[in-house]
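Chemist: Test case, fold it:
(3 chains)
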Amino acid sequence: MTLSEIANGKLAPRTGIKLDNISKRYGDHIVLDDVSLHVEPGTVTALIGPSGAGKSTFLRCINLLERPDSGTIQVAEHTIQPGKDVNARDLAALRRTVGMVFQSFNLFPHMSALKNISFPQQKVLGRSREEADERSMQLLERVGLKEKAGQHPGRCSGGQQQRIAIARALALDPGIMLFDEPTSALDPEVGLEVLAVMRELAADGMTMIVVTHEMQFARDVSDTLVVMADCKIIEQGDPRAVMSDPQEARTRRFLRAVLER
Amino acid sequence: MTWLTEWVGYLPQMMSGLGVSLLIAGISILFGYPLGLGLSLMVTAKNLAVRTLGLAVVEIGRGAPALVILYLFYYGLPKFGIAFESVTAACLALTWNSAAYSSEIMRAGLQSVARGQQEASNALGLSQRVTFFRVIMPQGMRSAIPGLMGVAIQVFQGTSLAYGIAVPELMKTAYNIGSQDFNYLQIFTLAGLCYAVISMPATWITVFFEKRMARHT
Amino acid sequence: MDALSAVLQGLPMTLGLTLSAFAIGIVGAVPLALGLSSSNLPVRLASRLFVDLVRGVPIIVWLFLLKFGIQIGTFKFNPVGAAIVGLGIVSVAYLAEILRGGLQSVPRGQGEASHALGLAPADTFYGVLAPQAFRIVSPSIATYLTGLLKDSSIASTIIVTEMVFQSQAFARQHPTVEGILPYIIVGVLYIVLSLPVAYLSRRLDSRMRKAIYA
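Modeler: Below is the predicted model:
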């Protein structure tokens, strides 16, 4: 079985997402200026750009960890307008459809790896403990950490913690996965373990949006490369095309800075 | 050595006094901790009235001496026709005291939980209730344990103030013996030792926990 | 406002007790803190035992022990003397523990750098370690001072005429509803009196920060 098959029981009901005219400001400080992005089901979108461009904020707006001031989010059959009141049902549905992986893992330190993955299944999906544990073990095995099931996160390396975090998100059968710089807190070597799991997930056809600094991953794995700078999307398209022949001067400058390091 | 034999003679009386002290401390802590948790939530509440009320209860409980609160309950309130038994008054005053102190410790503990824990719970779609009781609270309370043990020791020592309202606890027992036999030095030394025998090891255990937690973060 | 003026009669005594005990505490705490962080084991253990024993016994026990238990020849403590000495001893123990924490939190490199520069031990301590330690602990010391202010109320149990004693006296003379007033007033007074100390500690803290790092 593949990762997303395990996650969904059977083949993933691939979900797309449409974000339109998302704006966000803190006081007078604009962080997102009318950003729109449409993601087709089963595709991988890589978000790159200089720090402070608003990539992470944009990603966190997708599942409303940050509340945009205006705009529209369409996911599955739900349409959400975060500028207005969002009812609890829509919010719950949104977060159930969208899984997220954080830069700092954010595993629950007081629960074992297994409990980290099973607990949300029990609470959010109402699965029985046996059912949840079975699913958790399948996922742990797929990310190569079956033997870590009983360990607490504090006893796992960063790369192992991030893979557990991915399993935790997948266990809720998300239609889309968000990754917020999943390897930035890791040593390059350890980051490879995590990227390998992500490649596999992409190959299985999971819809993914990835904020990353890993240019090679962005080029090889993503279907769409999105470049953000100064609170906007300045360029998007086929990753090889954008990287070899950027249309915008700002993109050229950014790519030169990262690639010539 | 005559002290020792005299002490042995006084021990039964002193032990019953110590029992009363421990009972008052136990009750005050038992009620103080949950009330403290409630107060720590009130102090961080969004509603201004709730927050103000919580702050007032905490600041009075911490800012006024325990003895004053004790007297307020035992000597003050009866003037309004609200009278308590002395032991009840002691429990009420020390409960207030321990609730106020533990609320500050718990608030600090809850606030020390990394922001990412709340975010991860939100992203996973856990409800606010589940997030608080199963994710935030277990972590916050863990780091609050040494502080809360400190409050318990403080409350145990604070029971000695109930002497002031004639509760037959350890201090009052010692005083009664002393004023009978005029051997104040021996009896108050014994009383001090009785308190120390409990407080000192409790403090060492607290320090041990503190160090262990400092290592594991 | 009879109740207020009655309570205020005890204010000078409350402040006097607090400040005298605090002075004893600061003076005694410095050598004891050095003892607590000494590399000589017997010295360290003796200091530790003293601090833990003093803190393990409630203040009221110390006051009664001094007031009623001590008689050397014809000398006996009067209530105020017993209160000042008792609160003073307790302050020594608590402040020593606070100072020890401060000394411990000064980075090791500071002492090593001083040795490497050839500074004498006294210069190292008074010129380098103590100022940094004091800055770190000054908020804790201020917090302790407000605690001491509240603890001085316990002196009323050995008939020292401070604020709580005066409140009791007033309440006893006024069996009516008015009799609750002094308790409320005295409670508020303690809170009000701690405010300037809290303010001062914050200012002290920021000023010392500047003095060291500016």
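Chemist: which SS class is the residue of the stretch 151-261 of chain A found nearest chain B?
Modeler: Scanning the stretch 151-261 of chain A for proximity to chain B using Cβ to the nearest Cβ identifies residue A:172 as nearest, at 6.6 Å. (Each C-beta comes from the backbone N, C-alpha and C, glycine too.) For residue A:172, the assignment made with DSSP: H, G, I helix; E, B strand; the rest coil gives coil.
Chemist: and it, how far is that from residue A:132?
Modeler: Look at residue A:172 and residue A:132: by Cβ to Cβ, to the nearest Å, they are 10 Å apart.
Chemist: Pull up the overlap in contacts between the two.
Modeler: Common neighbours of residue A:172 and residue A:132, using Cβ atoms under 8 Å, 6 or more residues apart in numbering or on different chains, are residue A:121.
Chemist: Can you pull the poorly scored residue ranges out of chain B?
Modeler: Residues of chain B meeting the criterion pLDDT under 70: B:1, B:216-217.
Chemist: Give me the next element, helix or strand, following the longest helix anywhere in it.
Modeler: Looking across chain B with DSSP state H, the single longest helix is helix B:2-43. Once the chain leaves helix B:2-43, the next helix or strand it forms, by DSSP states H and E, is helix B:48-63.
Chemist: Which positions within that next one qualify as buried?
Modeler: By neighbour count on 16 or more other Cβ atoms under 10 Å in any protein chain shown, the buried set for helix B:48-63 is B:54, B:57-58, B:60-63.
Chemist: same question, stretch A:75-90
Modeler: Neighbour counts over stretch A:75-90 (16+ other Cβ under 10 Å) mark A:75-76, A:80, A:82-83, A:90 as buried.
Chemist: what do you get for stretch B:124-131?
Modeler: For stretch B:124-131, by 16+ other Cβ under 10 Å, it's B:124-126, B:130-131.
Chemist: from those residues, which ones fall inside helices?
Modeler: Of these, the ones assigned to helices by DSSP H are B:124, B:130.
Chemist: Direction-wise, compare the longest helix of chain B with helix B:48-63 and give the angle.
Modeler: 160 degrees (axes from the mean of the first three to the mean of the last three Cα atoms, to 10 degrees).
Chemist: so, in contact with chain C or not, helix B:2-43?
Modeler: No. Applying Cβ under 8 Å from any Cβ of the partner chain, one finds helix B:2-43 out of contact with chain C, separated by at least 9.7 Å.
Chemist: now stretch B:155-173
Modeler: Yes. Interface with chain C: stretch B:155-173 contributes B:157-158, B:160-161, B:163-164, B:171 (Cβ under 8 Å from any Cβ).
Chemist: how about the helices in chain C?
Modeler: Along chain C, counting by DSSP H, helices occupy C:2-8, C:11-36, C:41-56, C:59-64, C:79-105, C:108-116, C:121-123, C:130-151, C:163-173, C:181-213.
Chemist: Can you give the contact residues for the fourth one?
Modeler: Right, helix C:59-64. B:160-161, B:163, B:171, B:174-175, B:184, B:188, B:191-192, B:195, C:54, C:82-83, C:86-87, C:89-90, C:151, C:154-155, C:157-158.
Chemist: from the residues you listed, which are also near chain A?
Modeler: Applying Cβ under 8 Å from any Cβ, the subset of the contacts of helix C:59-64 adjacent to chain A is empty.
Chemist: so where's the stretch 151-261 of chain A shaky on pLDDT?
Modeler: Filtered on pLDDT under 70, the stretch 151-261 of chain A yields the residue ranges A:261.
Chemist: does residue B:40 really touch residue B:103, like I thought?
Modeler: Yes. When contacts are counted by Cβ atoms under 8 Å, residue B:40 is listed as touching residue B:103 (4.3 Å).
Chemist: quick one: which of those two has more around it?
Modeler: Neighbour totals were compared for residue B:40 and residue B:103, and residue B:103 leads with 28 against 25 (other Cβ atoms under 10 Å in any protein chain shown).
Chemist: Tell me which other helices or strands the helix or strand harbouring that one touches.
Modeler: Assigned by DSSP H and E, residue B:103 falls within helix B:86-111. Judged by 3 or more Cβ pairs under 8 Å, 6 or more residues apart in numbering or on different chains; DSSP states H and E, helix B:86-111 is in contact with helix B:2-43, helix B:48-63, helix B:66-71, helix B:137-158.
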